[in-house]
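Participant: Prediction below, plus the sequence it came from.
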Amino acid sequence: MTFFRFSKYHPRTDEEKTKTSNVWMKGHTDSGTVSLLWSQPVVALQILSPDGQWRFVKYVPNSIIVNVGDAMEMLSGGYYKAAIHRVVQPPPDQRGYTRLGLIYFAYANADVKLVPFKESPILQQVGITRKCDDEDAPTMKMWGSMASMYRHSAPKKKENGIEEEVMNGVVVKHFN
Ligand SMILES: O=C(O)CCC(=O)C(=O)O
Ligand SMILES: [Fe+2]
């Protein structure tokens, strides 16, 4: 399963800006394996750095940003970490422009159980981190639909701006 999203972010009115607190898409990780994002001249994508700071992703002409998703983090036993990212209002000089989003979301096959690839000599060397016990691990299909259900649900719990929900024994977090 893969899909391609083409989105158009229109400039917002001052009222809309206040309502959304300038966050157009709240902080999240993508649920699949990797997402390929065409670098956009209107800068609005931010990633959460390990030091807790949100930082803009620089525009690099003709380049593609590769985001690791939850499925890749689970399959790789934490070797690749899902990128926490969000979309915010662009810097003042770019606010009047319409922004395009072109993203290719790749997923594992629907029936693939998201357990670490234990046979990997690299993982055996560096160690494996699990989000849940292997017997409780969701399939790609389950995880994809749980993550999208969560994305459209009201926040369940808030701690320091982090919304959290336990789905099938796995903690799903949203970062604002
Ligand atoms: O528009 C963007 O740059 C990112 C959108 C995004 O993160 C998503 O659709 O999952
Ligand atoms: Fe995303």
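Facilitator: Structure's in. What do you need? Numbering: from 1, shown residues only. Ligands and ions are numbered 1, 2, ... in the order given.
Participant: Report the helix or strand with the lowest average pLDDT across the protein.
Facilitator: Lowest mean confidence among the helices and strands of the chain (mean pLDDT, DSSP states H and E): strand 158-159, at a mean of 56.
Participant: Show me where the chain has its strands.
Facilitator: For the chain, the strands defined by DSSP state E cover 2-9, 23-28, 34-38, 45-48, 54-56, 64-68, 85-88, 99-106, 158-159, 162-167, 170-175.
Participant: Which other helices and strands does the second one contact?
Facilitator: Which is strand 23-28. For strand 23-28, the packing partners by 3 or more C-beta pairs under 8 Å, 6 or more residues apart in numbering; DSSP states H and E come out as strand 85-88, strand 170-175. To be clear about C-beta, it is placed using only N, CA and C from the backbone, and glycine gets the same treatment.
Participant: Kindly report the residues of the protein close to ligand 1.
Facilitator: Where the chain comes near ligand 1, counting by C-beta under 6 Å from any ligand atom, the residues are 5, 25, 30, 37, 45, 85, 87, 101, 103.
Participant: which one is the fourth one nearest to, not counting chain neighbours?
Facilitator: In space, L37 comes closest to I65 once its chain neighbours are excluded; the distance is 4.3 Å by C-beta to C-beta, 6 or more residues apart in numbering.
Participant: give me the number of residues near the one you found?
Facilitator: Residues lying near I65 (other C-beta atoms under 10 Å) number 19.
Participant: Roughly how far does it sit from E15?
Facilitator: Here the criterion is C-beta to C-beta, to the nearest Å. By it, I65 lies 31 Å from E15.
Participant: Name whatever forms a beta bridge with the residue of the chain found nearest ligand 1.
Facilitator: Residue of the chain nearest ligand 1, by C-beta to the nearest ligand atom: G101 (3.3 Å). In this entry, G101 is beta-bridged to S7, by DSSP bridges.
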